[in-house]
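Asker: only the shape, not the letters, is given here:
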């Protein structure tokens, strides 16, 4: 009896950038080609499928170089049962205007998209379709689906969505800023992290106590004193009222490295709560420049010295 | 000849929380009751009307205790010609389910709202309308308008929108988290700030240079060394690629206070760019507890002493 | 066959405050009453007797509340083979004017003392012996010995030295500042420190690399980030030229405590050299007020948490 | 009528290194060659002559690369009426063994010197005069004087003292460490500092309040945040008991520079007391490497920007 093919969740529907990211990631990991890809209608639903063990991992967007962090992802990872990031991918963001076959640009009266896509194409739209009405959709892929059903004339979406929904590319590269990219993460249930590659990131959720104005400076100092750079820091409301935040952070380095481990101990001691969101290889392959005194070798030497002097051997 | 009534912009359409905030603010300011309130379809459009001098000020949402910052507002204030915040207001967030008169809860098949409203009412919806389909709208007020036109069965919106669009409140208080609130700001062209009230905030946009990992720690130190607490800090992408940020910050205190002025000088010296977004009274009326050495009186004494010793009088 | 009585070194000659400190310390330790006390003519010679194992420990002065640190002691502990502080004592400094029996105050033409004693009695001398000449001696006790030999008329020394050298107290309490005290330390070859008492100090020598202007700030940060207060910090020249220093430091806490151990690891990583000079009970019995997050219990919890998440147990 | 020649004080007697420093300094300053040089028997007496206006300035030693700071100088500058440093000089330390003409090395039974000189020549003495007795003198020049009077056989002093006291150089370069040097300072009543040369030092006395363990870190941060390096920091007892210190500090830069002025304002705000001890040209001519944001030009731009935004001009 063959075991069932592994199931992977993603923020759907089919034809989103997230599906494209999941396909690229599975190829890179050499995953079982029989794997089943399951679209979910929200980040929360995709992650809950992992928590419920109905999928082995979920691909979700984390941040976008134009729109910023994807709040839903940050919040869903920060609360509920623990999950960890296993891989990250950066995909270029590239919008096309999709319509039913035969549609001319001049015929487009309504353009649908997720509200996040509209500002990224605003200048193109006002130059090329000044009179078209923009309409909100739950996702860009959903906008494409609705165009396929005839509800709207055109959708802003990835060019690859055309094929999924039987549409044509009316105009490609309609985004205003070139070079935009989205960062996707593959998330699973907690496992022991894969070994350090020398080019890793560690993601954390840091909850500070109430009414503690210097807390962020304290948090940054825990990283700085051990020579660890942060590549992202976001404040997010906890839901407890204006001014009550947690921080979502990406740091250079791997939890198995001494400097990262010691920083995590420091954060655990001073924060109201710390959640580990995984150590995983960096998409950009960048290696940190370690300053004097923070390498694993220097930590080992210092620890051996401490053991000696505690024993009176000096 | 009577001068024309002043015009105020807000993020529309009519019936949004933002309109409610603008009305409350004008009442509090004792503004001309003949003032004209002009709805705009986006934060950018509302702020641009101020930049173009077609309105004297605009009311826009800045952050929400559940959903976090309103990225569009942060970004629109950070770029383009300079604007300053004049007032802030905190309004409780309270969603109602609105439908056409005579609609029974059991008849609701489709519920429209801005994508941000849906997660705030998710639990109520799954408990009370498990089979209804949720549909995206450009704003909650727009959702109400479309319900009025018969396009959808119900909308998630503020209860006050019912009257505007001829709807009925099918269910009130349908949000999952009570105590949520939104912070709105009234924004105008640059003016000299009103005098310090002793309970003020100063808002800033801080752009750091590229590849400068310790920059955030430096920025926080400029505040900390002068005893200034931050009440909000957000990282936002500049649009230049993943990992390239600016910071949007609210600090305790008023630009006319010495410690705030000196901190601004420090930030201007170390940041690639600093934009002043205004000093204005705090909505919560909280007064900072000044630590030793940072009051205006202590600054004056120290400056007088420096002048004396530079003169050789010691 | 009886074992030989233990031998203890001290900065002599007999009749110095240092001998008084050694006697008090041995009483407190309940040491063998047959112990032999051996005077040495310099701090270096006393410490070298411990290094050569001809004595089991040496009592030497470390700092004085009027004159400051005893440079010879700081330097002799910092260089040469390692030694550790086992106990500290604070003794009040109290000078008397000693003379041969029968000497009248009016007869005193010459007053001898160590150069450090003269400034501590300057005002008394100019008020009471305005015409007497002051003469340098190698130590106050040596001054008393020379007075006994008839070389000078009077000596500034501890009152207890009168008996040792057959002198009389011509005037007691002749020091200008009351409340002055000297801190003495009992030093031995390296041993594993006695267990923490909850009121301990840890002494260190920290050598920074050349041309490293921010090094002192880095060093202080290693302590501060772990909530460790310093009770003494001295810069001392290394002998390598003006501007080339090492730091001699006393910190609150015991090397067996987690926060102190982690700080030592940090210092070892960033300093050119660290020498451990012992963890020992505080003479004043003061207990540190630990800030949140730095107790041994909080360290243990954080370390257990780190082990769990490294294992994928979260 | 000719005005009287200016009088300069120095730590005497004639023939000390301090006299040599004063002569060199007056030559460098192109001072009146008729100036009168007045020796004083202590640093305190020399400085008091300036306070009493009986001399125009005093030359005193401040620190030695082997023995460390001259406590008497640090303390006398820190207390009493205010004085300022006008110039600094570094002179190499070089000891000779001086005796009466015709003395053979083999005849030397007693060697006199200030107690600070003995440890600097210890190895030479034990190698070449193992049986000679060392005797304390009030200063090295005084030791030479006493040798001239026949009281002792030889003195450790600067070679230039031989001529002053009619002695011969029995052995030159008898110090153990070559390259040692002493830093001397010329001190006057407070005057407006001479203009910045681009290579200056500023000396300060910083008194911290009682029981304020983090004060030193705060003080260093006031310098660090403005990119100012310290070239010397000494803790000195205030006389108020073990553990009660003030700090004597030399910082790079000149009081007329913006970054130094702002740091002084910061120190004045947080310290119990600050005493300015002068801004003066560096003896070594070194120029600080200014980090981004701390030049006078950057301060001016930032101040002009602050004035604009306070005015509402943005």
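Answerer: Ah, there it is. Since this is a predicted model, take the numbers as computed values, not measurements.

Asker: and residue A:24, what is it in contact with?
Answerer: Contact partners of residue A:24, counting by C-beta atoms under 8 Å, 6 or more residues apart in numbering or on different chains, are A:89, A:91. For glycine as for every other residue, the C-beta is placed from the backbone atoms N, C-alpha and C.

Asker: how about the secondary structure of it?
Answerer: helix (DSSP: H, G, I helix; E, B strand; the rest coil).

Asker: quick check: it vs residue A:186, distance?
Answerer: 10 Å (C-beta to C-beta, to the nearest Å).

Asker: residue in the stretch 1-150 of chain A nearest to chain B?
Answerer: residue A:136 (4.2 Å; C-beta to the nearest C-beta).

Asker: re earlier: which residues are common contacts for residue A:24 and residue A:186?
Answerer: Counting by C-beta under 8 Å, 6+ apart, the residues touching both residue A:24 and residue A:186 are residue A:89.

Asker: need the strands for the stretch 51-200 of chain A, in chain order.
Answerer: Along the stretch 51-200 of chain A, counting by DSSP state E, counting those that start in this stretch, strands occupy A:57-64, A:68-69, A:84-92, A:96-99, A:110-113, A:133-136, A:154-157, A:168-171, A:181-188, A:200-207.

Asker: comparing those strands, which comes out most buried?
Answerer: Of all those, strand A:154-157 carries the top mean neighbour count, a mean of 30, counting by mean count of other C-beta atoms under 10 Å in any protein chain shown.

Asker: centre of the chain to that strand, how far?
Answerer: On the basis of C-alpha atoms, centre = their mean, to the nearest Å, the separation between the geometric centre of strand A:154-157 and that of its chain is 23 Å.

Asker: residue contacts, residue A:109?
Answerer: With contacts defined as C-beta under 8 Å, 6+ apart, residue A:109 is in contact with A:131, A:132, A:133, A:153.

Asker: can I get the residues you listed in a markdown table with pLDDT and distance to residue D:51?
Answerer: Output for the contacts of residue A:109, formatted as a markdown table (pLDDT from 0 to 100; distance: C-beta to C-beta, whole Å):
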| residue | pLDDT | distance to residue D:51 |
| --- | --- | --- |
| A:131 | 92 | 87 |
| A:132 | 94 | 86 |
| A:133 | 91 | 86 |
| A:153 | 97 | 92 |
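
Asker: thought the residue of the stretch 1-150 of chain A closest to chain B was touching residue B:115?
Answerer: Yes. With contact defined as C-beta atoms under 8 Å, residue A:136 and residue B:115 form a contacting pair (7.2 Å).

Asker: pLDDT below threshold where in chain A?
Answerer: Within chain A, the stretches falling below the threshold (pLDDT under 70) are A:1-2, A:210-213, A:314.

Asker: which ones are touching the spatially most central residue of it?
Answerer: Among the residues of chain A, residue A:62 comes closest to the average C-alpha position under C-alpha atoms, centre = their mean, at 2.2 Å. Under the criterion of C-beta under 8 Å, 6+ apart, the contact partners of residue A:62 comprise A:69, A:70, A:73, A:74, A:88, A:183, A:184, A:185.

Asker: pick out the residue in the stretch 101-250 of chain A sitting closest to chain C.
Answerer: With distances taken as C-beta to the nearest C-beta, the stretch 101-250 of chain A approaches chain C most closely at residue A:192, which sits 3.5 Å away.

Asker: please see if the longest helix along chain A touches chain C.
Answerer: Ranked by residue count and defined by DSSP state H, the top helix of chain A is helix A:296-310. Yes. Contact check for helix A:296-310 against chain C, using C-beta under 8 Å from any C-beta of the partner chain: residues in range are A:298, A:299, A:301, A:302, A:303, A:305, A:306, A:309, A:310.

Asker: first-to-last residue distance for stretch A:135-150?
Answerer: 14 Å (C-alpha to C-alpha, to the nearest Å).
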